[in-house]
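# Dropping the sequence and predicted coords here.
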Amino acid sequence: MTAELSEAQELRYARHLILDEIGEEGQAKLLAARVLVVGAGGLGSPALLYLAAAGIGTLGIVDDDDVDLSNLQRQIAHTTARIGTPKSESAAAAIAALDPATRVEIHRVRLTETNARDLVGAYDLVLDGSDNFATRYLLNDVCAQLRKPLVAASLLRFEGQLSTFKPWTGGPCYRCLHPAPPRPGIVPRCEEAGILGAVAGVMGTLQAVEVVKELLALGDSLSGTLILYDALGARFTRIRVAKDPDCPSCGRSV
């Protein structure tokens, strides 16, 4: 039985309610959903704001970093006044200003092998907004083990990548695409190569779209598809990617 929306909720989510694909039943599902966002930076900032605006009932934020002046060029959940404060708390403040009814669970920690299973296991779906390979591989492996959909993106300079990983449904996981992380120094970090700030907004917003689609089983899942975004060429490219049967994370021997 679908929970009734309040009058305020009907007004707030009016543009969702008139969509046949969402309606009151779909909005109630979003309000009951629990989504974990790892990283409250360039990707996590727009994703968190749009997920809160969409009515995701509970948002978990994993980030152990503090807001720095150099973040503000792209990390739109933060403000000049909150420089020096924890990013998780700054993002929570931005969400509260947008919708005080959104439940925010702050995890001011770095994701590790010790805490990853407990954190991921407490949510329905995970959005990866991290900026390092160790976290990406760890999240991939834990989400595959716990059968939690993982919506992942990455970006650098004028380009971005996006996919959804649900290997238990027959699609690939992140390790199927990238069996091992690159050697140190091969792929420069954002602070070394730069990033056009709005590219982070494009990719983080696309992640939010895919999260809502996964929660409501709308449209085509990106499982098995990698989206490449080239801002300078104003071009999106779709690439089909296959599951690696020998993948150590999701292959036949697991």
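Okay, I see it.

# and Leu139, how many neighbours?
Neighbours of Leu139 under the rule other CB atoms under 10 Å: 27. Every residue, glycine included, has its C-beta placed from N, CA and C.

# can you check the one 3 residues further on too?
Using other CB under 10 Å, Val142 has 21 other residues around it.

# surely it meets Thr114?
No - the pair Val142 / Thr114 is not scored as a contact, 11.5 Å apart, by CB atoms under 8 Å.

# mind listing the strands in the stretch 101-250 of the chain by residue range?
Secondary structure of the stretch 101-250 of the chain (DSSP state E, counting those that start in this stretch): strands located at 103-107, 125-128, 150-156, 159-165, 225-230, 235-240.

# Make a markdown table out of those and add mean neighbour count and distance to Ile18.
Putting the strands of the stretch 101-250 of the chain into a markdown table (neighbours: other CB atoms under 10 Å; distance: least, CB to CB, whole Å) gives the following:
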| stretch | mean neighbour count | distance to Ile18 |
| --- | --- | --- |
| strand 103-107 | 16 | 26 |
| strand 125-128 | 26 | 25 |
| strand 150-156 | 24 | 25 |
| strand 159-165 | 23 | 26 |
| strand 225-230 | 16 | 28 |
| strand 235-240 | 10 | 27 |
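
# So which of those strands is nearest Val38?
Nearest to Val38 among the strands of the stretch 101-250 of the chain is strand 125-128; the distance by CB to CB comes to 5.5 Å.

# contacting residues for Cys179?
Actually, residue 179 is Pro rather than Cys. 244, 247 (CB atoms under 8 Å, 6 or more residues apart in numbering).

# How much space separates it from Leu98?
40 Å (CB to CB, to the nearest Å).

# Next: Ser249.
From Ser249 to Leu98 the distance is 36 Å (CB to CB).

# Give me the more crowded residue out of those two.
A count of neighbours by other CB under 10 Å puts Ser249 above the other of Ser249 and Leu98, at 21 against 15.

# which residues in the stretch 151-254 of the chain form helices?
Here the stretch 151-254 of the chain has its helices, by DSSP state H, counting those that start in this stretch, at 174-177, 190-193, 197-216.

# Send me the first one as PDB with only the CA atoms.
The C-alpha coordinates for helix 174-177 follow below in PDB (Å, rounded to 0.1, in the frame of the first residue of the first chain):
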ATOM      1  CA  TYR A 174      34.100  -2.000 -12.800                       C
ATOM      2  CA  ARG A 175      36.900  -4.600 -12.700                       C
ATOM      3  CA  CYS A 176      35.600  -6.100 -16.000                       C
ATOM      4  CA  LEU A 177      36.300  -2.800 -17.700                       C
END
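
# buried set for that helix?
174-177 (16 or more other CB atoms under 10 Å).

# Same question for the longest one.
Across helix 197-216, burial judged by 16+ other CB under 10 Å covers 199-216.

# what mean pLDDT would you report for that helix?
When pLDDT is averaged over helix 197-216, the result is 98.

# relative to strand 159-165, how tilted is that helix?
10 degrees (axes from the mean of the first three to the mean of the last three CA atoms, to 10 degrees).

# mind checking how far helix 197-216 is from the chain centre?
7 Å (CA atoms, centre = their mean, to the nearest Å).

# Just list what it packs against, helices and strands only.
helix 23-32, helix 44-54, strand 125-128, strand 150-156, strand 159-165, strand 225-230 (3 or more CB pairs under 8 Å, 6 or more residues apart in numbering; DSSP states H and E).
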